[in-house]
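Participant: next one to model:
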Amino acid sequence: MTELPEETGDERVDAVMAGLGRVTALPVGEHVQVFEEAFSALEETLGSVDDA
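Facilitator: Residues are numbered from 1 along each chain as shown. Model prediction:
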């Protein structure tokens with residue numbers, strides 16, 4: 001797996017990326033939920049950039 005940067009410069013994105021680390025402790029069948037949550041959070045963050 002490719003190493004991800006530890007920080008992106010945006011606290012909201014960093015929090016989402018850090019949360020992805022929890023997949024390693026979950027069964028594969030539960031990974032989709034984690035990825036969907038991350039996608040939604042990133043989508044929300046990008047949407048707020050458009051509003052600024």
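
Participant: restricting to C-alpha, output the longest helix belonging to the chain in PDB.
Facilitator: Longest helix in the chain by number of residues, with DSSP state H as the criterion: helix 31-51. C-alpha atoms of helix 31-51 as PDB (Å, rounded to 0.1, in the frame of the first residue of the first chain):
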ATOM      1  CA  HIS A  31     -14.500  -1.600   5.300                       C
ATOM      2  CA  VAL A  32     -17.100  -0.300   2.900                       C
ATOM      3  CA  GLN A  33     -18.900   1.600   5.600                       C
ATOM      4  CA  VAL A  34     -15.700   3.300   6.700                       C
ATOM      5  CA  PHE A  35     -14.900   4.300   3.200                       C
ATOM      6  CA  GLU A  36     -18.400   5.600   2.600                       C
ATOM      7  CA  GLU A  37     -18.100   7.700   5.800                       C
ATOM      8  CA  ALA A  38     -14.800   9.100   4.700                       C
ATOM      9  CA  PHE A  39     -16.100   9.900   1.200                       C
ATOM     10  CA  SER A  40     -19.100  11.800   2.700                       C
ATOM     11  CA  ALA A  41     -16.900  13.700   5.100                       C
ATOM     12  CA  LEU A  42     -14.400  14.700   2.300                       C
ATOM     13  CA  GLU A  43     -17.300  15.600   0.000                       C
ATOM     14  CA  GLU A  44     -18.700  17.900   2.700                       C
ATOM     15  CA  THR A  45     -15.300  19.500   3.200                       C
ATOM     16  CA  LEU A  46     -15.000  20.200  -0.500                       C
ATOM     17  CA  GLY A  47     -18.500  21.600  -0.600                       C
ATOM     18  CA  SER A  48     -17.600  24.000   2.200                       C
ATOM     19  CA  VAL A  49     -14.600  25.200   0.200                       C
ATOM     20  CA  ASP A  50     -16.900  26.100  -2.700                       C
ATOM     21  CA  ASP A  51     -19.100  28.200  -0.200                       C
END
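
Participant: the residue nearest in space to the middle of the chain and V32: what is the separation?
Facilitator: Centroid check for the chain by Cα atoms, centre = their mean gives V16 as the closest residue, at 3.2 Å. Here the criterion is Cβ to Cβ, to the nearest Å. By it, V16 lies 16 Å from V32. Just so you know, the C-beta spots here come from the backbone N, C-alpha and C atoms, and that holds for glycine as well.
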